[in-house]
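K.L.:
For reference, the sequence and a predicted model appear below.
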Amino acid sequence: MATHQEIRHYLTHWFQLGKRIIINSTPHTIAPTLNTDRPSPEFETLWQEILANPHLAHLENSEIDLAQLLTGTWEIIDCARCEMPVPLKIAGIIGNHCICQNMDTWPNSDTLQPHNPVNTIDRLHQLRHRLTSSSQSPAS
């Protein structure tokens, strides 16, 4: 089963490439949130709207609504072509492909790849810990 966190990552990665979420036939665009440890308030508002009616919401160019993803029959994996998160039915056969199939300029290894938000504080603590531990180790 795809967890709420996996679905959020799935959506935020595709938002970074300009895909929209369709809720009840209305497209919604979210500007990508980068270099922060939490999604934008705009995303959180949209996420609550999605959770209220997940059967009415799907990612642009995908036929799978988010209510289906929340059942135990789907998981989120990386696309073999572009390494973006895509839903995969655990059992059975599906007829659709990765939504990257209609993007002429994707995959593009010359650009920054979509990614999860960065927690700057945690990253700095990790670097400080590495520097502290390397300076305390005996020289060879």
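P.N.:
Received it, and whenever you're ready, just let me know what you need.

K.L.:
What is the burial count for N108?
P.N.:
12 (other CB atoms under 10 Å). Quick note: C-beta positions are derived from backbone N, CA and C, even for glycine.

K.L.:
mind checking the SS state of it?
P.N.:
coil (DSSP: H, G, I helix; E, B strand; the rest coil).

K.L.:
quick one: the strands in the chain?
P.N.:
Here the chain has its strands, by DSSP state E, at 21-23, 26-28, 57-59, 74-78, 85-89.

K.L.:
so where's the protein shaky on pLDDT?
P.N.:
Within the chain, the ranges that satisfy pLDDT under 70 run 32-36, 92-97, 137-140.

K.L.:
ok, L131 to H125 distance?
P.N.:
11 Å (CB to CB, to the nearest Å).

K.L.:
So what's the gap between the helix ranked longest in the chain and the chain middle?
P.N.:
The longest helix of the chain (DSSP state H) is helix 120-136. Put simply, helix 120-136 sits 28 Å off its chain's centre (CA atoms, centre = their mean, to the nearest Å).

K.L.:
And stretch 24-34, by the same measure?
P.N.:
Centroid separation for stretch 24-34 versus its chain: 13 Å, with CA atoms, centre = their mean.

K.L.:
neighbouring contacts of it?
P.N.:
Stretch 24-34 is contacted from outside by 11-12, 15-16, 18, 20-22, 39-40, 42-43, 46, 53, 56-57, 60, 114-115, 117-118, using CB atoms under 8 Å, 6 or more residues apart in numbering.

K.L.:
Now do the same contact list for A52.
P.N.:
No contacts exist for A52 under CB under 8 Å, 6+ apart.

K.L.:
all numbers from here: first residue = 470
P.N.:
Sounds good: first residue 470 from here, last item A521.

K.L.:
so what's G487 up against?
P.N.:
T498.

K.L.:
Of the contacts of stretch 493-503, grab the buried ones for PyMOL.
P.N.:
In PyMOL syntax, the buried subset of these is picked out as below (16 or more other CB atoms under 10 Å):
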select buried, resi 480+481+484+485+490+491+508+509+512+515+525+526+583+586
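
K.L.:
Now, the contacts of stretch 493-503 that are in helices?
P.N.:
Cross-referencing the contacts of stretch 493-503 against helices under DSSP H gives L480, T481, F484, E511, F512, L515.
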